[in-house]
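**Student:** coords please:
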Amino acid sequence: MLKLKIEGGVYNISFHKTNRLNSLIAESLREQLLKIVSKPGREVKLSMKGISFIDPSGFEAILAVVNRASENGSIF
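**Tutor:** Okay, the predicted model is just below:
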């Protein structure tokens with residue numbers, strides 16, 4: 001579902017083999033990204049390239065990650 005590539009200390013994350021961010025993958029996305037942004041000072045970029053649909057659970061997952069990153073001094 002997600003591809004992770006670390007370049008110059010920046011965590012570049014993109015979606016793999018999906019064009020939808022919905023309830024089927026939102027919780028997994030949230031858990032994976034929260035682990036990454038929970039470390040203070042990390043810079044994380046999430047590419048939405050190829051995503052053609054996001055439902056409310058997808059937005060909630062992304063919002064949770066944004067909030068956690070802000071709390072921990074990470075950049076998302």
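**Student:** show me where the chain has helices.
**Tutor:** Remark: helices assigned in the chain by DSSP state H are 26-37, 56-72.
**Student:** got TSV for the ones you listed, with mean neighbour count and mean pLDDT too?
**Tutor:** Heads up, the C-betas are built off the backbone N, CA and C, glycines and all. Converted to TSV, these look like this (neighbours: other C-beta atoms under 10 Å; pLDDT from 0 to 100):
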stretch	mean neighbour count	mean pLDDT
helix 26-37	17	96
helix 56-72	16	97
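**Student:** For the residue nearest to the spatial centre of the chain, which residues are in contact?
**Tutor:** Central residue of the chain (C-alpha atoms, centre = their mean): residue 33, 4.7 Å from the mean position. Residue 33 makes contact with 13, 44, 46, 61, 65, 76, according to C-beta atoms under 8 Å, 6 or more residues apart in numbering.
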